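[1] I would like to see how this sequence folds:
(one chain, ligands or ions: 1)
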Amino acid sequence: KAGWPGIINAYASRIPIPEGADVVTLGEGNTPLLAAPHLSQLTGATVYLKVEGANPTGSFKDRGMTVAMTHARASGLKAVICASTGNTSASASAYAARAGLATAVLVPQGKIALGKMAQAVLHGARILQIDGNFDDCLELARKTAADYPVTLVNSVNPVRLVGQKSAAWEICDTLGTAPDIHCLPVGNAGNITAYWAGYTEYAADGLVENTPRMFGFQAAGAAPLVHGEPVKTPETVATAIRVGSPASWDSAVKAQRASGGLFDAVTDEKILAAYRLLASKEGVFVEPASATSVAGLLVASADGRIPRGSTVVCTVTGHGLKDPGTALEGNVEVEPLSVDPRAVAAALELS
Ligand code: F0G
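    Model prediction:
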């Protein structure tokens, strides 16, 4: 028996695909909703992590990509294109390989993490490094897809967000209710839009009684939704969310307002502190952008905005192995030891 069938088959009634289409899946979804005892103790809330790094290509993008690629293949077009800070390109490359389609990925030169580039290379994508940022790449991808026979698989393609709703459904299915608060890192703002749509859909269908307050966190150097205006030259260590002009701006603001939530900015220092805390205290290795949800939770908690005893879910969006460079910075021990138990014991201060 094959086990978990991927999100399209698991939520067939909620994720429409074209009549007779073959489902393109790598078994995405069904990711852990992991209790976070250390964060719960720090905040006085019951905190869970939705560990999206457990998806096939190591990020939440796979939930949208299975749907986008299923539609793309059914359309008869032979190629897909996307702009990306790295994870969308990794996911598109893998699903296109699976579907037998060609992929072109437009990425900002020098600003995508090593692991994501490795994925696109090995899956056989055409990688175009653009002398510009993500926003420039997205504009270029949209123009190309408008004029040439190629499917755009960024989250501006609405079927992507239908797939990404599945993370909210899984959380409700596991908890039997929606959380009180949901914290997310926000870049291009597709994911917060999709989660809110997923929660409200379940509530409308009577499957849960409540919807969560949506807390969206951006890096301080790339926080257009917090400032209320686009950022021309976004900058942050969290390269995945280095976005100055989010495509899903309006729907993200709607989600925040309708849910009684908030947008806030967190510094790179706080993002990296949360990144290290997740790895060293919870045993969960995420990429820096993913730690933004947890950095935001800790700031909100310190500001008294997390009621004691509330249930909080933080989505950690991508795997730590995506960005080994940031993990190793300043931490590499180079001195070799002799092959001698006494040397090992001394190094560990056991004697
Ligand atoms: N976290 C990670 C790891 C991401 O890769 C992204 C977006 C986000 C959070 C933010 O999600 O854009 O829906 O608000 N990455 C896109 C990409 C931009 O190209 O891979 P969002």
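[2] Would you mind naming what in this structure lies close to the ligand?
    If contact is defined as Cβ under 6 Å from any ligand atom, the residues of the chain in contact with the ligand are 59, 61, 84-88, 155, 185-191, 240-241, 243, 287, 289-290, 317-318. From N, CA and C alone the C-beta is placed, and that goes for glycine too.
[3] 5 Å instead, please
    By the criterion of Cβ under 5 Å from any ligand atom, the positions of the chain lying close to the ligand are 84-85, 87-88, 185-191, 240, 289, 317-318.
[4] Among those, which lie within strands?
    If you go by DSSP state E, these have Pro185 in strands.
[5] Filter the residues of the chain next to the ligand down to the buried ones, PyMOL style.
    The following PyMOL selection, which keeps only the buried ones among those, applies the criterion 16 or more other Cβ atoms under 10 Å:
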select buried, resi 84+85+87+88+185+186+187+188+189+190+191+240+289+317+318
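[6] Just to be sure, which of the residues of the chain next to the ligand are found in helices?
    Counting by DSSP state H, the part of these found in helices is Asn87, Thr88, Gly190, Asn191, Ala289.
[7] Domain-wise, how is this protein divided?
    7-59+160-327, 61-156 (automatic domain parsing).
[8] For Gly64, give me its contacts.
    Taking Cβ atoms under 8 Å, 6 or more residues apart in numbering as the contact definition, Gly64 lies against Ser91, Ser155, Val159, Arg160, Leu161, Val162, Gly163, Gln164, Gly190, Ala194.
[9] could you redo those residues as TSV and give each row distance to Asp268, secondary structure and pLDDT?
    Shown next, in TSV, are the contacts of Gly64 (distance: Cβ to Cβ, whole Å; DSSP: H, G, I helix; E, B strand; the rest coil; pLDDT from 0 to 100):
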residue	distance to Asp268	secondary structure	pLDDT
Ser91	25	helix	98
Ser155	24	coil	95
Val159	34	helix	97
Arg160	28	helix	97
Leu161	28	helix	98
Val162	33	helix	98
Gly163	30	helix	98
Gln164	26	helix	98
Gly190	23	helix	98
Ala194	26	helix	98
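[10] Of the residues you listed, which is the most crowded?
    Neighbour tally across the contacts of Gly64 (other Cβ atoms under 10 Å): the maximum, 34 neighbours, falls on Ser91.
[11] Surely that residue touches Asp62?
    Yes. Under the criterion of Cβ atoms under 8 Å, Ser91 lies in contact with Asp62, with a separation of 5.2 Å.
[12] since we're on Asp180, how many residues are nearby?
    Asp180 has 18 neighbours, counted by other Cβ under 10 Å.
[13] and it, what are its phi and psi?
    With angles defined as degrees, to the nearest 10, Asp180 shows backbone torsions of phi -80, psi -40.
[14] pLDDT at the closest residue to it other than its chain neighbours, what is it?
    Spatial nearest neighbour of Asp180, excluding adjacent residues (Cβ to Cβ, 6 or more residues apart in numbering): Ser310 at 4.1 Å. At Ser310 the predicted local confidence, pLDDT, stands at 98.
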